[in-house]
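> 3D, please:
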Amino acid sequence: MHGQTELHRAATQLASSAKTGYLSTMSTQEILLEEIKHQPEPVLRELQHYLDFLKRQRATDALMDSVVADTWEKLGPAPEVDYDKL
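Residues are numbered from 1 along each chain as shown. The predicted structure is shown next:
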């Protein structure tokens, strides 16, 4: 629960930073690195877990895309359907 509070605080800080205008001159990577520097360890651990989750999700998505593409290739084109006869 404590980590969620810290994460909420970090998100609030990031949102308030957007109001100051410094975000418009920095890349997303620069903004994230700057914010990460100021976060307590529990928030950093939660962020690391989330990044690991995103990496696994991307790998799974890529694998599924490959399976779907391979399956469609094996199935070939869809058969022509005469909808008037249905």
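> what ranges do the strands span in this protein?
For the chain, applying DSSP state E gives no strands.
> Low-confidence stretches in it?
Applying pLDDT under 70 to the chain flags the ranges 1-5, 7-23.
> swap the cut-off to 50 and go again
1 (pLDDT under 50).
> Give me the residue at the spatial middle of it.
The centroid of the chain falls nearest to residue 54 when counting by CA atoms, centre = their mean (5.7 Å).
> can you map out the helices along the protein?
2-20, 28-37, 41-75 (DSSP state H).
> how about the second one: buried residues?
Buried positions in helix 28-37, judged by neighbour count with 16 or more other CB atoms under 10 Å: 31, 35. Glycine gets a C-beta too; all of them are placed from N, C-alpha and C.
> could you dump the helices of the chain to a markdown table with distance to residue 85?
A markdown table is the format used below for the helices of the chain (distance: least, CB to CB, whole Å):
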| stretch | distance to residue 85 |
| --- | --- |
| helix 2-20 | 58 |
| helix 28-37 | 55 |
| helix 41-75 | 23 |
